[in-house]
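Enquirer: got a sequence here, can you build the structure:
(one chain, ligands or ions: 1)
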Amino acid sequence: MISLVYISSTVGLLRRDELLSILEKSRENNAKHQVTGLLAYFDGNVMQVLEGPEAGVMEISHKIEKDTRHRNVTVLLTAEIDERHFPDWRMAFVDMNDEKFIENPAFSAFLNEPFTSEKYKNSPSFAMAMLVSFKESLT
Ligand SMILES: Cc1cc2nc3c(=O)[nH]c(=O)nc-3n(C[C@H](O)[C@H](O)[C@H](O)COP(=O)(O)O)c2cc1C
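Expert: Coordinates of the predicted model:
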């Protein structure tokens with residue numbers, strides 16, 4: 001299995017119904033490919049992790065890359081994994097604009113900077129740690 005993390009910027013701010021329709025489609029497609037992960041949205045930027053069999057992750061990531069609802073898709077990390085970090089989710093979702101995240105001091109280190117910051121590009125493991133901590137906040 002592999003894990004792939006990318007960042008992108010949405011074209012305009014996505015409305016909640018647009019995000020929900022992306023998620024609905026994602027969950028349907030990802031389940032077919034045994035792909036799991038988490039999509040985080042914050043201030044017009046996306047950070048998403050996809051994990052599962054290499055062929056499925058690559059097929060889905062190619063589709064995502066071509067999607068005109070976002071741009072500047074930049075892969076931060078691809079790695080072989082033995083175990084999933086997000087086994088229970090077809091695609092979990094966190095909207096970091098939600099007050100419960102913004103007001104939580106545990107996330108302030110992450111939310112001081114946009115997902116597109118060099119900090120994540122230079123340290124993909126920091127990005128992965130952030131995504132895992134988002135997941136933990138959901139469970
Ligand atoms: C930010 C973002 C994240 C997305 N994540 C996924 C995803 O995890 N899985 C997926 O199948 N499609 C995802 N999509 C949608 C794909 O780009 C594409 O519209 C969809 O896979 C097309 O599915 P279809 O070929 O079944 O019509 C995402 C789109 C955006 C803009």
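
Enquirer: please make it C-alpha for all contacts and neighbour counts, starting now.
Expert: OK.

Enquirer: buried set for the top helix by length along the chain?
Expert: Using DSSP state H to define each element, the chain has its longest helix at helix 16-32. Under the neighbour-count criterion of 16 or more other C-alpha atoms under 10 Å, helix 16-32 has 23, 26, 27, 30 buried.

Enquirer: tell me the gap between whichever helix or strand comes after it and the middle of its chain.
Expert: Using DSSP states H and E, the helix or strand that directly follows helix 16-32 along the chain is strand 36-42. Here strand 36-42 is found 3 Å from its chain centre; the criterion is C-alpha atoms, centre = their mean, to the nearest Å.

Enquirer: any idea which helix or strand comes after strand 36-42?
Expert: Heading C-terminal from strand 36-42 (DSSP H and E), you reach strand 45-52.

Enquirer: packing partners of that next one?
Expert: Under the contact definition 3 or more C-alpha pairs under 8 Å, 6 or more residues apart in numbering; DSSP states H and E, strand 45-52 sits against strand 2-10, strand 36-42, helix 54-66.

Enquirer: coming back round to it: just the buried residues of helix 16-32 now: which is nearest residue 104?
Expert: residue 23 (24.5 Å; C-alpha to C-alpha).

Enquirer: wait, the closest one sits on residue 90?
Expert: No - proximity of residue 23 to residue 90 does not meet the contact threshold set by C-alpha atoms under 8 Å, at 9.5 Å.

Enquirer: same for the ligand: which of the buried residues of helix 16-32 are within range?
Expert: By C-alpha under 6 Å from any ligand atom, the members of these lying near the ligand are 26, 30.

Enquirer: just the closest of the buried residues of helix 16-32 to the ligand, please.
Expert: residue 26 (3.6 Å; C-alpha to the nearest ligand atom).

Enquirer: for that closest one, give its distance to residue 55.
Expert: 16 Å (C-alpha to C-alpha, to the nearest Å).

Enquirer: quick revisit: of the helices and strands packed on strand 45-52, which is nearest residue 136?
Expert: strand 36-42 (11.3 Å).
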